[in-house]
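Asker: What would the 3D arrangement of this be:
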Amino acid sequence: MGSHRFLPNTLQDRDDILQACGVKSVEDLLVGIPAEVRFKGTLENGPALSEMEIRKRIHALTRGSRHAQGGRSFLGAGVYEHFCPAVVNQLTLRGEFLTSYTPYQPEMSQGTLQVLFEFQTMVADLFGMEVSNASHYDGSTSFAEAALMAARLSKGRARVLVSRGVHPEYFDVMKTYVANIGIELVPVPLDNKGQTSQAALKSLLAGDGVAAVMCQSPNFFGCVEDQETLAGLAKGAGAVFVTNVAEPLSLGLLKPPGAYGADIATGEGQSFGVPPSFGGPFVGLFTSRMEYVRQMPGRLCGETVDAKGRRAFTLTLSTREQHIRREKATSNICTNQNLFALWATIWLSMVGKEGFKEMAHQNFSKAEYAKDAILKTGKATLRYSSPTFNEFTVDVPSGAAAFAKACVARGVAPGVALSRFDPNDETGLLVCVTELKSRAELDELAALFKALA
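Answerer: Down below sits the predicted model:
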């Protein structure tokens, strides 16, 4: 295969592999697939192109596109654009990290293990939790895995109460995860302040069989939840309390999950400098109380000493049991986001504790300025009165989707029209403001509301 094991194979490589398999073509490997279900047409991709031709084609396609730096985006909804020092990209792209997937003899990869150990340490510290694992695909799968873990911890209970403040796409992923395993997801409505209704939660907890209460803060609509009260209600009913932090930069200002007694806390690590990238790939965060560590999905890297007493790192726990006894696995996640965990670790190291807090303060302050400026136009109203961090929901009476379309035509994405998630929500617009926005850009956004809303 040559020295570059992770780069594309040559035609000779392919022929050698086919010969070793005892077949003449790739199609011969598909004999186990019934002929009637095989695709017999041709994909509408056109003929194969060389690299030079592909570059020319992409250039032609993008010639009329608006350059990302030329437009202004106030989009959020689970994906946040934050400052990333240039050194993060430079270090992550080093050849040593061509692949950061932990091999089946993990202790041979001390560098990868150390990065994951540092990643876990930083995430656990930020969340105020006792233990963190070494990453999931993204925030939605972390949250879904938390539901499964909570059900395992609450044997005999099958109802999971999920706040309507949880990201709708996270909820959809959860529905897929639990569709065939007997777990019932029960939505908990929001009150008129935009927070999880405590009255509704109390009523739902009155019945038997509640395994967990799951919420998100700041929630999907930007509102900061009263986590301490929600946790108290859940624990009072003997349920596991799970919380999600889709915007973990908020932990630079808000209490971490561990401070209000969360049993499991998950999140999305994209805010740690990972580019928005059209919505992924990202990196999931998963933390827990130490007493539940044996039920955590994924893997956990630990610190030890080698035979000579030197500091070393090891794969302490791998509860997925991918290699053997798969039917008894805590989770059958077959990989994780090590490269993005590395990216997030470098970003957190470069930003530092003070920088992290400063960025959080800027997000909050600039979002409050934008909120005030928009409301002063008289063209939009604030939907909820709860405190927010860097995201908030306004109602545009003339129609949020039409307003957003008009703004995009002028080079500004003013927010996410909530009709994307709920066709009946014609006026809701979710606006996000991060540290990257200047006062002039916020004033321009307000001017667009005044002119177009």
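Asker: Report the residue spans of the stretch 251-400 of the chain with pLDDT below the cut-off.
Answerer: For the stretch 251-400 of the chain, the stretches flagged by pLDDT under 70 are 319-327, 332-336.
Asker: mind listing the helices for it?
Answerer: 338-376, 400-408 (DSSP state H, counting those that start in this stretch).
Asker: Also the stretch 101-250 of the chain?
Answerer: According to DSSP H, counting those that start in this stretch, the helices that the stretch 101-250 of the chain contains are 110-127, 139-153, 168-178, 198-205, 227-236.
Asker: so the fourth one versus helix 227-236, what angle?
Answerer: What it means is helix 198-205. Calculated by axes from the mean of the first three to the mean of the last three CA atoms, to 10 degrees, helix 198-205 forms an angle of 20 degrees with helix 227-236.
Asker: And helix 198-205, what's buried?
Answerer: 200-201, 204-205 (16 or more other CB atoms under 10 Å). From N, CA and C alone the C-beta is placed, and that goes for glycine too.
Asker: And for stretch 209-228?
Answerer: 210-227.
Asker: how far out from the middle of the chain is that stretch?
Answerer: 16 Å (CA atoms, centre = their mean, to the nearest Å).
Asker: for stretch 149-165, same thing?
Answerer: On CA atoms, centre = their mean, the centre of stretch 149-165 falls 21 Å from the chain's centre.
Asker: rewinding a little: okay, the helices of the stretch 101-250 of the chain, which one's buried deepest?
Answerer: Highest mean neighbour count of the helices of the stretch 101-250 of the chain: helix 139-153, a mean of 25 (counted as mean count of other CB atoms under 10 Å).
Asker: In terms of secondary structure, what does it contact?
Answerer: Here helix 139-153 touches strand 159-163, helix 168-178, strand 210-216, strand 240-245, strand 264-268, strand 284-288, going by 3 or more CB pairs under 8 Å, 6 or more residues apart in numbering; DSSP states H and E.
Asker: For the first one, which outside residues touch it?
Answerer: When you say that, I think you mean strand 159-163. The contact list for strand 159-163, computed with CB atoms under 8 Å, 6 or more residues apart in numbering, reads 147, 150-151, 171, 174, 178, 183-188, 190, 196, 201, 204-205, 207, 209-216, 219, 225, 239.
Asker: next one: the fourth one
Answerer: For strand 240-245, contacts defined as CB under 8 Å, 6+ apart pick out 127, 139, 142-143, 146-147, 150, 153-154, 166-167, 170, 211-217, 227, 230-231, 234-235, 251, 257, 261-268, 285.
Asker: residues of stretch 355-373 that come out buried?
Answerer: 356, 359-360, 362-364, 366-371, 373.
Asker: which residues touch that stretch?
Answerer: 74, 82-83, 249-253, 348, 351, 382, 388-392, 394, 431-435, 437, 439, 442-443, 445-446.
Asker: swap the cut-off to 6 Å and go again
Answerer: For stretch 355-373, contacts defined as CB atoms under 6 Å, 6 or more residues apart in numbering pick out 249, 252-253, 389-390, 392, 433-435, 437, 442, 446.
Asker: that older thread, so which of the buried residues of helix 198-205 comes closest to residue 343?
Answerer: residue 201 (36.8 Å; CB to CB).
Asker: and the closest one, what is it in contact with?
Answerer: Counting by CB under 6 Å, 6+ apart, residue 201 has contacts 188, 233.
Asker: Now do it, the pLDDT please.
Answerer: Per-residue confidence (pLDDT) for residue 201: 97.
Asker: Relative to residue 415, which of the buried residues of helix 198-205 is nearest.
Answerer: Out of the buried residues of helix 198-205, the member with the shortest distance to residue 415 (by CB to CB) is residue 200, at 27.7 Å.
Asker: That closest one touches residue 189, doesn't it?
Answerer: Yes - with contact defined as CB atoms under 6 Å, residue 200 reaches residue 189; the gap is 5.3 Å.
Asker: coming back round to it: okay, among the contacts of stretch 355-373, which ones form the most distant pair?
Answerer: Largest pairwise distance in the contacts of stretch 355-373, by CB to CB, is 25.8 Å, between 252 and 446.
Asker: ok so, going back, okay if I get the buried residues of helix 198-205 as a markdown table plus distance to residue 412?
Answerer: Listed next are those as a markdown table, based on distance: CB to CB, whole Å:
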| residue | distance to residue 412 |
| --- | --- |
| 200 | 38 |
| 201 | 39 |
| 204 | 41 |
| 205 | 44 |
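Asker: From those, pick the one nearest residue 24.
Answerer: residue 204 (61.8 Å).
Asker: what's the neighbour count on residue 283?
Answerer: 29 (other CB atoms under 10 Å).
Asker: Please name the residues that touch it.
Answerer: Residue 283 neighbours (CB under 6 Å, 6+ apart): 135, 269, 337, 340-341, 344.
Asker: want to try JSON lines for the residues you listed, with neighbour count and distance to residue 294 as columns?
Answerer: Shown next, in JSON lines, are the contacts of residue 283 (neighbours: other CB atoms under 10 Å; distance: CB to CB, whole Å):
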{"residue": "135", "neighbour count": "29", "distance to residue 294": "19"}
{"residue": "269", "neighbour count": "30", "distance to residue 294": "24"}
{"residue": "337", "neighbour count": "23", "distance to residue 294": "23"}
{"residue": "340", "neighbour count": "25", "distance to residue 294": "26"}
{"residue": "341", "neighbour count": "28", "distance to residue 294": "22"}
{"residue": "344", "neighbour count": "28", "distance to residue 294": "25"}
